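>>> after the sequence you'll find the predicted model.
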Amino acid sequence: GNSVTQMEGPVTLSEEAFLTINCTYTATGYPSLFWYVQYPGEGLQLLLKATKADDKGSNKGFEATYRKETTSFHLEKGSVQVSDSAVYFCALSPDSNYQLIWGAGTKLIIKP
Amino acid sequence: EAGVAQSPRYKIIEKRQSVAFWCNPISGHATLYWYQQILGQGPKLLIQFQNNGVVDDSQLPKDRFSAERLKGVDSTLKIQPAKLEDSAVYLCASRIAGGNNEQFFGPGTRLTVL
């Protein structure tokens, strides 16, 4: 079946550090892949997405590349800020019913 | 543009009581989803509506959960009777029909069952 596996958190980094949050997936066909972010006290927001292999999604300095050969969609940012502290969710949409299958989330803590 | 609205934001009830949650999606969004998010987990889809019809309710515990979207706009999710394991955040999301896959989420309702 379809599933998403994320690295466990919390991930704690200092400001300006490089960030990687790993995400791998299992799916049939060619799913779309997403990263959502949940800031403290707020709802889930789409951070970036990629709809086909080798696509790179990017937003707010975050990037993720759809790697079909490794079934991965790792989230990266070159220099994190305290304001990036949040929970990050990787998700996939396997087919045309636009349902999302979610990872467990990774809590990111950035210290000044 | 107004986002997805949900109410109440918080609810505390005793087990075996009933509770209802309300969602108002973004205007013009035909697809509406209800998710359950247990602490430390990703959201789990409970039910998906397209206008006022149910597309998928395979993961909805139908012995105690019900949902409706009578006029294809607002939706309510009800739990009766509630169990301790229903303690979670209930998220509503909406999406415009066709086009891209982005779902827009409301702030959620945090339910605590004592």
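It's in.
>>> strands along chain A, start to end?
A:3-6, A:11-14, A:19-21, A:23-26, A:32-38, A:44-50, A:56-59, A:62-65, A:75-77, A:86-93, A:101-102, A:106-111 (DSSP state E).
>>> what about the residue of chain A found nearest chain B, neighbour count?
Going by C-beta to the nearest C-beta, chain B is nearest to residue A:102 of chain A, at 3.0 Å. Every residue, glycine included, has its C-beta placed from N, CA and C. Counted by other C-beta atoms under 10 Å in any protein chain shown, the residues lying close to residue A:102 total 22.
>>> from residue A:34, how far out is it?
According to C-beta to C-beta, to the nearest Å, residue A:102 and residue A:34 sit 9 Å apart.
>>> overlap in contacts, the two.
The contact sets of residue A:102 and residue A:34 overlap at A:90, A:91 (C-beta atoms under 8 Å, 6 or more residues apart in numbering or on different chains).
>>> now do the contacts for residue A:62.
Per C-beta under 8 Å, 6+ apart, neighbours of residue A:62: A:35, A:47, A:48, A:75, A:76, A:77.
>>> run through the bridge partners of it.
residue A:59, residue A:77 (DSSP bridges).
>>> got it, and the one 5 residues further on?
On the basis of DSSP bridges, residue A:67 takes part in beta bridges with residue A:72.
>>> got the phi and psi for the residue nearest the centre of chain B?
Closest residue to the average C-alpha location of chain B: residue B:34 at 3.0 Å, with C-alpha atoms, centre = their mean. Note on residue B:34: its backbone torsions stand at phi -120, psi 130 [degrees, to the nearest 10].
>>> touching, it and residue B:67? I think so.
Yes: in this structure, residue B:34 is within contact of residue B:67 by C-beta atoms under 8 Å, at 5.8 Å.
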